[in-house]
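**Q** I'll drop the sequence and a predicted model, then ask my questions.
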Amino acid sequence: MRKQIAAANWKMNLTIKQGEALLDAIIAQPHSLGADQQVVFAVPFPYLAMAQQKVEGKNNVFIAAQNCYSKKSGAYTGETSVEMLQSIGISVVVLGHSERREYFNESNQLLADKVNICLEYNITPIFCCGEPLDIREAGTQNEFVAKQLEESLFHLSAEQLQKVVIAYEPIWAIGTGKTATSAQAQEMHAHLRAVLAKQYGEEVAANTSILYGGSVKAGNAKEIFSQPDVDGGLVGGASLIADEFVTIINSLK
Ligand SMILES: O=C[C@H](O)COP(=O)(O)O
């Protein structure tokens with residue numbers, strides 16, 4: 001059975017005091033997470049250890065890094081290796097967010113390397129994909145997103161692929177307040193699952209969690225998450241407000 005996941009992406013926001021207060025406020029809420037439900041907080045690098053300590057021992061709650069480097073170690077000033085993340089207990093990394101693809105030129109090939117090193121160290125990648133507005137307007141979003149999966153993931157074995165979580169984030173819906181309709185989200189998620197099924201078979205596709213990201217908030221989470229192929233969300237802005245994110249967690253199916 002695939003996991004239903006509410007993942008917060010704080011991006012480059014909050015001071016450590018604000019981050020601690022936010023985590024405390026969310027964790028203090030009584031959540032009854034089912035065995036197939038998870039909550040993930042992707043926090044800035046300087047806060048990983050603090051956040052990891054706060055969720056220590058909490059079932060199905062994980063802290064994630066927002067990026068990692070593709071090399072094991074060495075002279076790569078400013079970069080963070082998966083071994084470093086692992087050494088402080090981090091087991092999830094967000095990869096290929098559209099902001100990293102756009103501002104830091106992350107290519108599908110580089111992301112394939114990052115996926116590989118995460119899996120080598122038993123770290124779960126949340127692999128982001130999604131099309132820009134011009135591709136959506138041209139109606140070629142299905143091919144565009146399938147190519148991102150093919151070039152970054154399809155070298156993996158079926159066993160490896162099942163350790164990857166996919167997050168579909170249409171770029172035109174990120175931070176814009178313009179959410180894909182639940183029907184648009186379902187359509188793309190079903191397409192991605194069909195692409196996975198073609199490559200890896202129905203069982204692997206059915207077991208892969210596919211999150212939706214792009215202006216998810218308390219008011220629309222339930223409707224979006226209720227779609228059969230949507231397995232939760234990767235949430236930016238609304239994850240910075242405790243009550244909003246708590247409602248989003250409680251909207252998981
Ligand atoms: O990683 C999260 C996504 O970029 C969505 O951000 P947003 O919820 O602020 O639109």
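**A** Everything's here; your move. These figures come from a predicted structure and were not determined experimentally.
**Q** where does this protein get nearest to the ligand, residue-wise?
**A** Distances between the chain and the ligand by C-beta to the nearest ligand atom are smallest at G236, namely 2.4 Å. For the C-beta atoms, the positions are set from N, CA and C on the backbone; glycine is no exception.
**Q** need phi/psi at that residue.
**A** phi -90, psi -100 (degrees, to the nearest 10).
**Q** pLDDT value on it, please?
**A** Note on G236: pLDDT of 97.
**Q** for it, give me its contacts.
**A** G236 makes contacts with N9, K11, I174, G175, G213, as judged by C-beta atoms under 8 Å, 6 or more residues apart in numbering.
**Q** and the first one, what pLDDT?
**A** If you check N9, the pLDDT there is 98.
**Q** and the residue nearest to it when sequence neighbours are not counted, what does it touch?
**A** What sits nearest to N9 in space, not counting adjacent residues and going by C-beta to C-beta, 6 or more residues apart in numbering, is A42, at 4.6 Å. A42 makes contact with A7, A8, N9, W10, I63, A64, A65, Q66, V92, V94, I126, according to C-beta under 8 Å, 6+ apart.
**Q** switch to 6 Å and redo it
**A** Taking C-beta atoms under 6 Å, 6 or more residues apart in numbering, we find A42 in contact with N9, A64, Q66, V94.
**Q** can you show me the CA trace of the host helix or strand of the second one as PDB?
**A** Yep, that's A64 we're talking about. For A64, the host element (DSSP states H and E) is strand 61-65. Below are the C-alpha coordinates for strand 61-65, written out as PDB (Å, rounded to 0.1, in the frame of the first residue of the first chain):
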ATOM      1  CA  VAL A  61       7.300  12.000  11.200                       C
ATOM      2  CA  PHE A  62      10.400  12.800   9.200                       C
ATOM      3  CA  ILE A  63      12.800  15.700   8.700                       C
ATOM      4  CA  ALA A  64      14.100  16.200   5.200                       C
ATOM      5  CA  ALA A  65      16.800  18.200   3.500                       C
END
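**Q** now find how far off-centre the next helix or strand after that strand is within its chain.
**A** Remark: after strand 61-65, the chain's next helix or strand is helix 82-87, criterion DSSP H and E. Put simply, helix 82-87 sits 18 Å off its chain's centre (C-alpha atoms, centre = their mean, to the nearest Å).
**Q** ditto for stretch 125-137
**A** 13 Å.
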